[in-house]
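[1] just need the structure, nothing else, for what follows:
(one chain, ligands or ions: 1)
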Amino acid sequence: MNKPKVVVTRRWPAEVEAQLKEHYDVQLNEFDIPMTANELKLALQTADALLPTVTDVLNADILTVDNKRAKIIGNFGVGYNNIDIDAAKAQGLVVTNTPHVLTDCTADIAMLLLLMSARRAPEGERMIRNQQWTGWTPTQLIGQKVTGKTLGLIGFGRIAQAMAKKAHHGFGMNILCFAPSQPDPAIMADLQATRCTTVEELLSEANFVSLHCPGGAATKHLINEQRLKLMRPSAHLINTARGDVVDSKALIKALKEGWIAGAGLDVYEGEPAIDPEFLELNNVSLLPHLGSATEETRIAMGNRVLANIAAFFAGHEPDDKVV
Ligand code: DGY
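    Alright, predicted model coming up:
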């Protein structure tokens with residue numbers, strides 16, 4: 001029997017690519033150059049499965065291309081706001097993602113950004129690299145204490161809960177959350193967490209606010225000028241979710257004018273482009289979308305995609321079917 005044909009849009013960890021080669025007639029992206037819209041359309045017309053990443057925008061124009069051969073889109077990533085899900089569904093395409101395997105690593109990055117921002121780590125590192133450090137002083141780079149403070153999580157899914165565990169059990173932090181549905185009472189009890197009824201309430205009470213909601217139209221600019229003004233002047237905002245959840249211009253204003261003390265960002269509106277004004281600010285810690293970037297997690301994400309497409313081609317429902 002002929003092996004199904006699959007197109008992978010970017011480089012994946014070598015051992016997962018080896019598995020793909022073994023089981024499929026696979027087209028890899030040796031040079032890791034992002035595919036154009038036309039190349040993505042052609043892939044849908046010539047392959048049985050398209051395996052994109054969170055940076056490949058699969059909009060309605062691409063998904064409705066004529067003469068499609070593809071039946072499944074196996075996204076390498078838990079977030080799938082890069083895919084027009086309604087269009088995929090209307091086209092009868094199955095879409096899968098990679099949940100669970102990146103929960104802890106993304107929560108670790110959120111905690112890292114929280115600590116970097118609170119303790120002004122990037123400023124300290126710059127001082128040393130620029131050979132400007134003349135020694136310890138009692139007033140140098142004074143930040144905010146993290147232990148015992150209040151962390152507010154907007155969105156309370158797996159990643160937020162993993163961060164809350166690290167923050168509560170590791171740093172003695174008090175946990176607030178804003179979640180659309182009632183979280184599991186056992187989890188709330190373990191974290192001694194309080195559910196806020198509004199985003200506004202959470203923003204005004206938390207010392208640190210971390211964003212964990214999905215991207216897309218429903219959450220675009222959830223954090224805007226009005227809401228940033230509700231935060232404490234000593235508070236820090238952490239975003240490891242999606243860039244467009246925060247209005248970047250409003251955040252830049254908030255950081256410049258001292259409405260909040262700092263921000264830690266792993267994701268950006270329109271990334272990889274970054275508003276150049278962020279680069280001029282000392283009170284923002286910037287990482288290049290590293291949430292899931294560990295050896296273990298990236299391999300596990302690839303394996304999750306492999307399992308999803310294997311199930312599909314065997315005639316079963318993939319575990320991580322989104323539509
Ligand atoms: C995801 O999987 O959604 C992440 O943003 C990529 O690490």
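[2] surely Leu237 forms part of a helix?
    No - checked against DSSP: H, G, I helix; E, B strand; the rest coil, Leu237 lies outside a helix; its state is strand.
[3] check contacts around it.
    Val209, Ser210, Leu211, Ile223, Leu228, Met231, Val246, Leu251, Ile260, Gly262, Ala263, Gly264 (C-beta atoms under 8 Å, 6 or more residues apart in numbering). All C-beta spots, glycine's among them, are computed from the backbone N, C-alpha and C.
[4] any chance you could map the strands in the stretch 1-150 of the chain?
    5-8, 25-27, 49-51, 72-74, 94-96, 150-154 (DSSP state E, counting those that start in this stretch).
[5] return the most buried member of these.
    Ranked by average neighbour count under the criterion mean count of other C-beta atoms under 10 Å, those are headed by strand 49-51 at a mean of 28.
[6] helices and strands around that strand, which ones?
    On a contact count with 3 or more C-beta pairs under 8 Å, 6 or more residues apart in numbering; DSSP states H and E, strand 49-51 meets strand 5-8, helix 37-46, strand 72-74, helix 295-313.
[7] who does that strand pair up with?
    Using DSSP bridges, the strands paired with strand 49-51 in its sheet are strand 5-8 (parallel), strand 72-74 (parallel).
[8] for those strands, which one sits closest to Pro276?
    Closest to Pro276 of the strands paired with strand 49-51 is strand 5-8 (C-beta to C-beta; 32.9 Å).
[9] now do the closest one: distance to the chain's middle.
    25 Å (C-alpha atoms, centre = their mean, to the nearest Å).
[10] got the CA positions of that strand in CSV?
    Taking C-alpha atoms only, strand 5-8 is exported to CSV below (Å, rounded to 0.1, in the frame of the first residue of the first chain):
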residue,chain,number,x,y,z
LYS,A,5,1.9,11.8,1.6
VAL,A,6,2.5,14.5,4.3
VAL,A,7,4.0,18.0,4.0
VAL,A,8,5.8,19.5,7.0
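[11] and that strand, average pLDDT?
    Across strand 5-8, pLDDT averages out at 98.
[12] same question for stretch 14-26.
    98.
[13] how about that stretch as CSV, C-alpha atoms only?
    What follows is the C-alpha trace of stretch 14-26 in CSV, where atoms were taken according to Å, rounded to 0.1, in the frame of the first residue of the first chain:
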residue,chain,number,x,y,z
ALA,A,14,15.6,15.2,13.9
GLU,A,15,14.2,12.1,15.6
VAL,A,16,10.6,13.1,14.8
GLU,A,17,11.6,13.8,11.2
ALA,A,18,13.2,10.3,11.1
GLN,A,19,9.8,8.8,12.2
LEU,A,20,8.0,10.8,9.6
LYS,A,21,10.4,9.4,6.9
GLU,A,22,9.9,5.9,8.1
HIS,A,23,6.1,6.0,8.0
TYR,A,24,5.2,8.5,5.3
ASP,A,25,6.0,9.8,1.9
VAL,A,26,7.2,13.0,3.5
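[14] quickly list the domain ranges of this protein.
    Following the assignment in automatic domain parsing, the chain carries domains at 5-100+295-313, 103-286.
[15] relative to the ligand, which of these is closest?
    Of all these, domain 5-100+295-313 sits nearest to the ligand, with 3.0 Å by C-beta to the nearest ligand atom.
[16] anything in the closest one near the ligand?
    Yes - contact of domain 5-100+295-313 with the ligand is found when judged by C-beta under 6 Å from any ligand atom, involving Val54, Gly77, Val78, Gly79.
[17] show me the contacts for Gly172.
    Contact partners of Gly172, counting by C-beta under 8 Å, 6+ apart, are Thr147, Gly148.
[18] and Arg10, what does it touch?
    The contact partners of Arg10, by C-beta under 8 Å, 6+ apart, come to Asn29, Asp32, Pro34, Thr53, Thr55, Asp56, Phe76.
[19] using a markdown table, lay out those residues together with neighbour count.
    Output for the contacts of Arg10, formatted as a markdown table (neighbours: other C-beta atoms under 10 Å):
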| residue | neighbour count |
| --- | --- |
| Asn29 | 17 |
| Asp32 | 10 |
| Pro34 | 14 |
| Thr53 | 17 |
| Thr55 | 14 |
| Asp56 | 23 |
| Phe76 | 24 |
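[20] ok so, going back, and the contacts of Leu237, which of them are in strands?
    Val209, Ser210, Leu211, Gly262, Ala263, Gly264 (DSSP state E).
[21] quick check: the farthest pair among the residues you listed?
    Pairwise distances across the ones in strands among the contacts of Leu237 (C-beta to C-beta) peak at 14.5 Å, for the pair Leu211 and Gly262.
[22] neighbour count: these two, which is higher?
    Ranked by neighbour count (other C-beta atoms under 10 Å), Leu211 and Gly262 place Gly262 first, with 27 against 24.
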